[in-house]
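can you look at this prediction? I've put the sequence above it.
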Amino acid sequence: MQIPYERPELEKLLTHLYAYIMVKHEDKIPFFLPKKEPKLIILGTMGSINARAIDGVDPGPCFYYNNNRNHFWKVLQYLFEPDRDPKKLDLKEKKQFLEKHSIAMTNIVESVDVPNKDKLDPSDTVLFYAHKKGRLITKKLPRKFRAYLKTAPLFFTCRSKKGITNLLESFFENNEVSLNAKSDVWFWATPTRCNPLKRSLLWKEEMDRFIETY
């Protein structure tokens, strides 16, 4: 029997095929809705790699912005409690902070199938491509949260780009709310790799301006 490939060619072919085996990522972070009506809603794409279930492997207890390189929680503390020095918050304290300031939060991506070669790639570009190929599902929120999407100011923790607005449009459509991804959401500068104090001042200026016109 003749083997159609020499061993090096076969290994190269198998490596190429393995790179494109699909891996399922699932966002396991539950939405957060304060007891009182939210003063604002913060949106993100999907939990960091260490906060996702990958091919069904549960990541364990985790919450929003689980990556230590992301300064989100410091920025948020400077923004809403400027007279206090920010500190590292544990999971319980993060939820207490959101409750205290009536902040709701949710990611917009429920699950996505990505090639094995992108299994540990945290960039949103992977999500944009999967969405374009029909391999991404957005979150479906309960009725109460969906109602607040139409009444509370919406802030996204990344500057606007086509991939983000496309995801938001799918998210709004899935939740049956008539919102414009470009005009009904304010896109903050990312809290990653920044000076937390300076970033909080920028967020505050933009937040106040957006809420005035809301």
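Right, received. Where do you want to start?

where does pLDDT dip in this structure?
1-20 (pLDDT under 70).

show me where it has its strands.
Assigned by DSSP state E, the chain shows strands spanning 22-27, 40-44, 52-54, 103-107, 109-115, 136-138, 154-156, 185-187.

in TSV: those strands, plus distance to Phe97 and mean neighbour count.
The C-beta positions use only the backbone N, C-alpha and C, and glycine is treated the same way. Shown next, in TSV, are the strands of the chain (distance: least, Cβ to Cβ, whole Å; neighbours: other Cβ atoms under 10 Å):
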stretch	distance to Phe97	mean neighbour count
strand 22-27	21	18
strand 40-44	12	21
strand 52-54	23	18
strand 103-107	8	21
strand 109-115	24	19
strand 136-138	26	21
strand 154-156	16	22
strand 185-187	20	21
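
can you list the ones you listed in a markdown table and add distance to Phe72?
Listed next are those as a markdown table, based on distance: least, Cβ to Cβ, whole Å:
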| stretch | distance to Phe72 |
| --- | --- |
| strand 22-27 | 16 |
| strand 40-44 | 9 |
| strand 52-54 | 17 |
| strand 103-107 | 10 |
| strand 109-115 | 17 |
| strand 136-138 | 21 |
| strand 154-156 | 12 |
| strand 185-187 | 15 |
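
looking at those, which is closest to Asn166?
With Cβ to Cβ as the measure, strand 136-138 is the member of the strands of the chain nearest Asn166 (10.0 Å).

Asp121 and Val114 touch, don't they?
Yes - with contact defined as Cβ atoms under 8 Å, Asp121 reaches Val114; the gap is 7.5 Å.

out of everything not next to it in sequence, what's closest to Asn66?
Ala51 (4.4 Å; Cβ to Cβ, 6 or more residues apart in numbering).

kindly tell me how buried that neighbour is, as a neighbour count.
When neighbours are defined as other Cβ atoms under 10 Å, Ala51 has 20 of them.

need the contact list for it.
Neighbour list for Ala51: Asp27, Lys28, Ile29, Pro59, Cys62, Phe63, Asn66 [criterion: Cβ atoms under 8 Å, 6 or more residues apart in numbering].

would you check that the fourth one makes contact with Ala53?
Meaning Pro59. Yes - applying Cβ under 8 Å as the test, Pro59 and Ala53 come out as touching, 6.0 Å apart.

overlap of the contact sets of those two?
Contacts common to Pro59 and Ala53, judged by Cβ under 8 Å, 6+ apart, are Lys28.

look through the chain and tell me its longest helix.
Assignment by DSSP state H gives helix 196-212 as the longest helix of the chain.

can you pull the buried residues of that one?
By 16 or more other Cβ atoms under 10 Å, the buried positions in helix 196-212 come out as Pro196, Arg199, Ser200, Trp203, Met207, Phe210.

which pair of those spans the longest distance?
Pro196 and Phe210 (20.4 Å).

could you check how far Lys95 is from Phe32?
Separation of Lys95 from Phe32 (Cβ to Cβ, to the nearest Å) stands at 7 Å.

my error: substitute Ile103 in the last question.
With distances taken as Cβ to Cβ, Ile103 is found 8 Å from Phe32.

so where do the helices sit in this protein?
In the chain, the helices defined using DSSP H lie at 7-19, 72-80, 91-100, 124-132, 143-149, 162-174, 196-212.
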